[in-house]
Structures are given as C-alpha cells and as structure tokens.
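[1] pasted the sequence and its predicted model underneath.
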Amino acid sequence: MAPKSKSKSKAKAKTPKPSPSSSSKSSSSSSIFKPGTRVEVSSDDDGFRGSWFSGTVIRRAGADKFTVEYDNLLADERGKKKLREQLGFHQLRPLPPEEAGVEFKFGDEVDAFHNDGWWEGSITQELENGMFAVYFRGSKEQIEFTADQLRKHREWMNEKWVPPFAQQEQEESDETAEEFNFCEGMLVEVSNDEEGFQGAWFSATVVEVIGDDRFLIEYKTLLDDNSNLLREEADKWHIRPPPPATSENIKFSYLEEVDAMYNDGWWVGVISKVLGDSKYVVYFRSSNEEIEFPNSQLRPHLDWIGGKWVLASEVWLQPILR
C-alpha cells in the first residue's frame, strides 16, 4: 500500500498525556510555537508514521499543547473546513527552510511530497528525465517522483536541523571546531578536498600545533616520494578524532551508510547489496563504483557534530530495511 492520504473526516487524534516537564521546556515551546507560527505536524496514527503535514498554530491549548490548523487536510468529506487538532509539543516542528539547487543521488534519505504531506523514504534509483524512485519503509513500496517533489530528509533536534542547512552549518562551524582541542601526539583522522579524495579519511598523528588553527600531521599509511611517512599541514576543519571502535561481527543493512577501508583510508559509501558470508557490496557515489567488502573492512559511518560522534542511521540516514 502506498503512503496514505489523510482521511478528510479523520477522527480527533488522541494526544498523549504530557510527562512532567520543566519550566524551561514549557517556556521553550511557548517561544517557538506562538500563534501564527508555520509548523509541520507528525502523526502517531497507524499508517501515517514518518509523515509530516504543514499547518499553522492557532492558539496555545495548555501545558505543551497547541491547536493547529492544517493547510491541506479537511475536517469533513464536504471539503469546506480545514481540519484543526490539539497536538502535543513533541508532534510539532518549525517549517523547514526551502533549499534551491539540491541534487539527489542513489541512497539519499529524502522526504517525498505525496497525498498532501511529506513522507520519509530513500532513493533507490536515479531514472531518466530527472525522475527518482523512492522506497517507503512503512508501506514497503517504491514510487517515482520528480526532483521538485523531493527534499533532503532532516531531523529537528535540540532546536536545530540535522543535518544542518548551509546557513546554519556556516554559523556553527567555528563554534563546533573550538569544542575539541587537538594536541601534539594525538591520533586523528584527516580528510582532503583534492579531486578523487572527497569522502575519505586517513589515520594520522598530530606532530605539531602550528597556530591559526593549523597542524602539522604525519599519516600512518601514506608515503612521500622518498618512501617516508607523508607529513603535511591540515586545518581544524579537516581533522577529527578517530571514531569509537565497533564489533567485528556487526551486521549492516541495505542502503546503510558505511565507511570502507580501501587504498589505506576510510571511504564513505552505501550498502547496495547484502551478500552471504558477512560480505557486502558498497556503492561509492564519488566514483560511481561498486566494490565488495567483508564486514571486517567496514564500519558504520559516523559524523563528528558538535564535539560528539553521531551515528548516521540514528539521525538522518535511517536504513529502510533491517
């Protein structure tokens, strides 16, 4: 069954009883969701999980409760009155900013506009004429969409969008980088913006703190022309601590984002096939290649955000099959 359309004569949704909350939480919800605020609403109803519907806050309806009028959902079959519901704070989030010039690729976690709402899915095919096939985990169906019917999937966490929008990312970049200090002798991973190396991280050691947020690093596996361990300068935006170790017996899922050990570095890719004997085929977007790996050469893809390691599947890349 495809993602459902919200029933026009939908019965009033049950609003979960709010748990005891601090005054700061109540104050936060009041300041964010004032009357007139444009929002998106999630639903706990069966068949609608993973969907978001736009609306407007009409009034505050109690402690962390709000009356919201939907943009596209109607209160009855006659279609003359917009549906209003009383909803909990946890069901609301601000309307995401619009993005221009977004490019979509295989494996991207997206929201697709369908039946008056945005439904979470994953791109499984890049088709001709700018079309994309999107797989919906909830209904286990695949539907084709144009690019203008899609947007990058994001989560609203701690009053911030994850992954961040370009403007938000720029505002937070300096602040984030300053939360972790790198010192001499520290083991790190280093990225490179040169063509052919995007999406790869290489193990290194900090040899010297040069200043102006720059460091002299020595790679663990890369050699210079004299067959010595390569040394070069790197800035704080291209250095991170090594991610925590994971079990060698870990299992991965179709379309899960991973890092694969290849050519002396960790390269970000997507599981495109699950094989037997703990082997997987990984698709690399940067090179448009597929390569087979045993699970001992794979690790979950982690992002270094706000001084913490964040598992992609727990934040914005939720694997569609488990």
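    Looks like it came in fine.

[2] can you map out the strands along the stretch 51-200 of the chain?
    Assigned by DSSP state E, counting those that start in this stretch, the strands in the stretch 51-200 of the chain fall at 51-62, 65-74, 82-88, 92-94, 109-114, 117-126, 131-136, 141-146, 150-152, 155-157, 160-162, 187-191, 200-211.

[3] what's in contact with the last one?
    It stands for strand 200-211. Contact partners of strand 200-211, identified using C-beta atoms under 8 Å, 6 or more residues apart in numbering, comprise 182-192, 215-222, 231, 233-234, 239-240, 242, 259, 264-268. Every C-beta, even on glycine, is put in place using the N, C-alpha and C of the backbone.

[4] circling back: among the strands of the stretch 51-200 of the chain, which is nearest residue 252?
    Nearest to residue 252, of all the strands of the stretch 51-200 of the chain, is strand 117-126, at 14.7 Å by C-beta to C-beta.

[5] which helices and strands sit right next to that closest one?
    strand 51-62, strand 109-114, strand 131-136 (3 or more C-beta pairs under 8 Å, 6 or more residues apart in numbering; DSSP states H and E).

[6] touching it from outside, list them.
    By C-beta under 8 Å, 6+ apart, the surrounding residues in contact with strand 117-126 are 3, 6, 40, 48, 50-54, 72, 104-113, 132-138, 142, 150-151, 153, 255, 318, 320.

[7] now the contacts of strand 200-211: which count as buried?
    Burial by neighbour count, 16 or more other C-beta atoms under 10 Å: within those this picks out 182, 186, 188-192, 215-220, 222, 234, 239-240, 259, 265-268.

[8] what residues sit buried inside stretch 110-127?
    In stretch 110-127, counting by 16+ other C-beta under 10 Å, buried: 110-112, 114, 116-124.

[9] which one in this protein is furthest away from the centre?
    Distance from the centre of the chain peaks at residue 226, with 41.9 Å (C-alpha atoms, centre = their mean).

[10] any idea how far residue 302 is from that residue?
    The gap separating residue 226 from residue 302 is 34 Å, by C-beta to C-beta, to the nearest Å.

[11] where does pLDDT dip in the stretch 151-300 of the chain?
    Counting by pLDDT under 70, the stretch 151-300 of the chain contains low-confidence ranges at 164-180.

[12] which residues does residue 161 form a beta bridge with?
    Assessed by DSSP bridges, residue 161 has beta-bridge partners residue 156.

[13] how many residues are close by it?
    18 (other C-beta atoms under 10 Å).

[14] wait, doesn't it sit right on residue 155?
    Yes. Contact status for residue 161 versus residue 155: in contact at 7.5 Å, counting by C-beta atoms under 8 Å.

[15] in JSON lines, list the strands of the stretch 51-200 of the chain along with distance to residue 34.
    Compiled in JSON lines, those are given as follows (distance: least, C-beta to C-beta, whole Å):
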{"stretch": "strand 51-62", "distance to residue 34": "7"}
{"stretch": "strand 65-74", "distance to residue 34": "10"}
{"stretch": "strand 82-88", "distance to residue 34": "15"}
{"stretch": "strand 92-94", "distance to residue 34": "11"}
{"stretch": "strand 109-114", "distance to residue 34": "25"}
{"stretch": "strand 117-126", "distance to residue 34": "23"}
{"stretch": "strand 131-136", "distance to residue 34": "33"}
{"stretch": "strand 141-146", "distance to residue 34": "33"}
{"stretch": "strand 150-152", "distance to residue 34": "25"}
{"stretch": "strand 155-157", "distance to residue 34": "17"}
{"stretch": "strand 160-162", "distance to residue 34": "19"}
{"stretch": "strand 187-191", "distance to residue 34": "41"}
{"stretch": "strand 200-211", "distance to residue 34": "43"}
